[in-house]
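Visitor: one predicted model, sequence on top.
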Number of protein chains: 4
Amino acid sequence: MQNNNQPVVKLICKPENLLKTIYTACRTCYSADSPVNIYENATDEEKMLKLIERVISSGHYSTIEHIQVTFAISNISRACTHQLVRHRHMSFSQKSQRYVKEKGQFDYLTPPTIEKNPELLKKYNEFMELTSKFYVEMTEAGIPAEDARFILPNAAASSIVASLNLRELIHLANIRLCTRAQDEIRLMVRKMCDELTKEEPWLKKYLLPKCEKLGYCDEDKCCGRKQKKEEFLGALKV
Amino acid sequence: MQNNNQPVVKLICKPENLLKTIYTACRTCYSADSPVNIYENATDEEKMLKLIERVISSGHYSTIEHIQVTFAISNISRACTHQLVRHRHMSFSQKSQRYVKEKGQFDYLTPPTIEKNPELLKKYNEFMELTSKFYVEMTEAGIPAEDARFILPNAAASSIVASLNLRELIHLANIRLCTRAQDEIRLMVRKMCDELTKEEPWLKKYLLPKCEKLGYCDEDKCCGRKQKKEEFLGALKV
Amino acid sequence: MQNNNQPVVKLICKPENLLKTIYTACRTCYSADSPVNIYENATDEEKMLKLIERVISSGHYSTIEHIQVTFAISNISRACTHQLVRHRHMSFSQKSQRYVKEKGQFDYLTPPTIEKNPELLKKYNEFMELTSKFYVEMTEAGIPAEDARFILPNAAASSIVASLNLRELIHLANIRLCTRAQDEIRLMVRKMCDELTKEEPWLKKYLLPKCEKLGYCDEDKCCGRKQKKEEFLGALKV
Amino acid sequence: MQNNNQPVVKLICKPENLLKTIYTACRTCYSADSPVNIYENATDEEKMLKLIERVISSGHYSTIEHIQVTFAISNISRACTHQLVRHRHMSFSQKSQRYVKEKGQFDYLTPPTIEKNPELLKKYNEFMELTSKFYVEMTEAGIPAEDARFILPNAAASSIVASLNLRELIHLANIRLCTRAQDEIRLMVRKMCDELTKEEPWLKKYLLPKCEKLGYCDEDKCCGRKQKKEEFLGALKV
């Protein structure tokens, strides 16, 4: 079945005392007090936030590594998961094409450029149908799923459980919210950020493409949202 | 002030839905169902535990990386934290000797072998007093804390906030509960494990020295708790 | 073009003074001498090897992290690279399907189970031809390579440059030379190990499936090469 | 013996075909050619450098992870190594105070602020002498080195073998060449960079404090070398 091309993203795991934990980490570095005492006396949320924001702003990200969050993600292509799993500071559990045999038409994603072209879209859908039939023919002939999957396309939908700490989430946003990233992973990371900032709105200002953080664009090809680094730094000197 | 030589360890951060999250990760790998559905339908705790234990037993530890826990630790020596921070899959926030100036007698730890020797213990305590006085003399003369700390000993007490996932905690236990580890870090890791198993008793069977996991000892020098690898594997061949 | 199904693996980067570097690392831990002196006086290869083997045998693998090696790999499926890049202690540079447009028939791999079935093999090759034609049709119609690749199968051949240190290589061998690993990655890792042991034969005894290291099999499903852990440890108790 | 306060740093391991390896990694991403072919045909050093510099400049640092270098370092304080080992993408082998017993006066470092104060310096040296005597007294009384070391100060000299890839070396330089870093580690990292750029001068432009890379300072306290981020970006808007 062709599906609606929208990644499904749900935040399933986040510690309750997120702010208190980060605050305790920040204060432990600069305090004669013990972390247990700091933790137990931390009650003023506004004060905590203020310290945390000052620490993050000066680039001391290690303090936010103490918070890890977990997302349940589905309806994304294998093309997208191949990009995602290249982030080596994350933990993943992905639906296995070796062990999970597709029974009818497998789910798949369709890139917007193809969706907009009715003729190609029709052929694309037929191609997926044909692929599915050949897959089923092979598995029915005794080819194991781990080998039959060799014909499954990058478009095939996958599911993945992904965990990462806040430092890595900010990095992921910096890299993958950039317009140089592919549509699908950009949308997926956008949804991950939205899921979290619904509950932790103070994080919004950090979950941005890198150009917003830097003040300029350091990519080879620039989308124009910010000036290119060379121009920006050059412009300033004038 | 000399202190009681016992590390203070408190578990300050742990996700509430620990089992459900690991179960969702395990099932996602082998299921056609989406992780969101798996998560929402996970209610039978016994069934969840059974799957999780089977997955861990076959060595697929990546599924338990999804859970990270945080400990507030104090009253441990700098000798001990220098060992702890060598574990590179952990996140740390440690009391800084550069920024936190000691004002009176700094806290310090005393190794059991010195505690048992009254004559040396007396000298040890006098040495710490003398060190403290020279430290204060230097800081009062304008030497910054980051330089005055050059005379502070490995015995000086430190505080640290440490986060790690369950896979790394099992590894830490395997390595540091071994009798080859130094007393202080062994006791600290013991307390970390106890703090967690109070709430998650099913983890007890994994938080063991490595010889209990392997069935034999692979260290160069063996404490005798288990047979040495060569002897054990040799013995079996007979 | 269908190809010969054999991964191409070449060791392209390895430090010349591999043994001396590891030896210096091992000795630095236990010596009052400086590492520069240790390094400059290290000449007796046999003595170096003897120390290194003793250190590795007692599980102190950090000393061999100092050596990193690089392999140029091609003619492997995207299915295989998706498995490979899950090893997070490695560095990768992979041929991009976003930026490299396939011009004629793309290279692809064929699983042995399909190769052995002449009827399915014919259909498999026709399927790849058809896929290639549709890919070219789409790119000629203006669909960018990064979207046209959604129809490319797991079978599509890829190229990758992969670097890892000796500790991770031993781990990779332990996991991927196990018969539970899929044929293709097992063969590829076998070739990586062979490329290196041609030059460093002393490493052979460490580049083994994990059951050879442990003395037993800890997998859920066992190939029979070694006894299962439960049986093995049980047997011994009798 | 008091020593000359200069870290000893020697580059002991670096692959010979450094440029060719990075070039092969860069080209593999964007080429239909196999990495083995790319490698074997890479001869034009100027062309290689040009591509590599363009890739690094657009922030794609993963390509330089393929090169790892190793430094033998001695005559640095334990204060300094405690900072160094916090870099978790490095590999370390450090002289152990548990296993290496100090026999006479241990080596130690002296911070410049103390060196400049003759009165304090005299007391500092006497303090080190006294510490050494008590250490020897304890070990002669049967206290094991691992416990006697509790009195050894942060000033005690250590040796360490450290390996890291070029991406991490650039990061290390960005962080530790900043004037906010402590003198000793700044000098040590400076020497590491110098050792490497003697042989690979093209790396000079990347081995800089982070403000040189960013165009501004993002630290909380700024040394004035560059404008603070807020002022810099603010200034530009006007």
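Guide: Now that the structure is in, tell me what you want to look at.
Visitor: start and end of stretch A:29-48, how far apart?
Guide: 15 Å (CA to CA, to the nearest Å).
Visitor: pLDDT on it, on average?
Guide: For stretch A:29-48, mean pLDDT is 96.
Visitor: in that stretch, which residues are buried?
Guide: Neighbour counts using 16 or more other CB atoms under 10 Å in any protein chain shown place A:29, A:31, A:33, A:34, A:35, A:36, A:37, A:38, A:39, A:42, A:48 of stretch A:29-48 among the buried residues. To be clear about C-beta, it is placed using only N, CA and C from the backbone, and glycine gets the same treatment.
Visitor: repeat that for stretch A:137-146.
Guide: So stretch A:137-146, judged by 16+ other CB under 10 Å, has buried residues A:138, A:139, A:143, A:145, A:146.
Visitor: ditto for stretch A:104-114
Guide: Applying 16+ other CB under 10 Å to stretch A:104-114 flags A:105, A:106, A:107, A:108, A:109, A:110, A:111, A:113, A:114 as buried.
Visitor: can you report phi and psi for the first one?
Guide: The phi and psi values for residue A:105, taken as degrees, to the nearest 10, are phi -70, psi 120.
Visitor: same thing with the fourth one?
Guide: When read as degrees, to the nearest 10, the backbone of residue A:108 gives phi -150, psi 160.
Visitor: and the pLDDT at the residue nearest the centre of chain A?
Guide: Geometric centre of chain A, nearest residue: residue A:189, 3.6 Å, by CA atoms, centre = their mean. Residue A:189 carries a pLDDT value of 98.
Visitor: same deal with residue A:1?
Guide: For residue A:1, the predicted pLDDT is 42.
Visitor: repeat that for the one 3 residues further on.
Guide: According to the per-residue confidence, residue A:4 scores 70 in pLDDT.
Visitor: and the gap between it and residue A:78?
Guide: Noted for residue A:4: a distance of 18 Å to residue A:78, by CB to CB, to the nearest Å.
Visitor: what of residue A:149?
Guide: 10 Å.
Visitor: neighbours of residue A:5, just the number please.
Guide: Residues lying near residue A:5 (other CB atoms under 10 Å in any protein chain shown) number 18.
Visitor: assign a three-state SS to it, would you?
Guide: Put simply, residue A:5 is coil when judged by DSSP: H, G, I helix; E, B strand; the rest coil.
Visitor: follow-up on the earlier one: leaving out sequence neighbours, find the closest residue to the residue nearest to the centre of chain A.
Guide: residue A:176 (4.2 Å; CB to CB, 6 or more residues apart in numbering or on different chains).
Visitor: contact partners for the one you found?
Guide: Residues near residue A:176 by CB atoms under 8 Å, 6 or more residues apart in numbering or on different chains: A:185, A:186, A:189.
Visitor: residue A:195 too?
Guide: Per CB under 8 Å, 6+ apart, neighbours of residue A:195: A:9, A:10, A:11, A:71.
Visitor: what about those, which one has the most neighbours?
Guide: residue A:71 (25 neighbours).
Visitor: just want to know which of residue A:4 and residue A:78 has more residues nearby.
Guide: Legend: neighbour count by other CB under 10 Å for residue A:4 and residue A:78, higher for residue A:78 (25 against 9).
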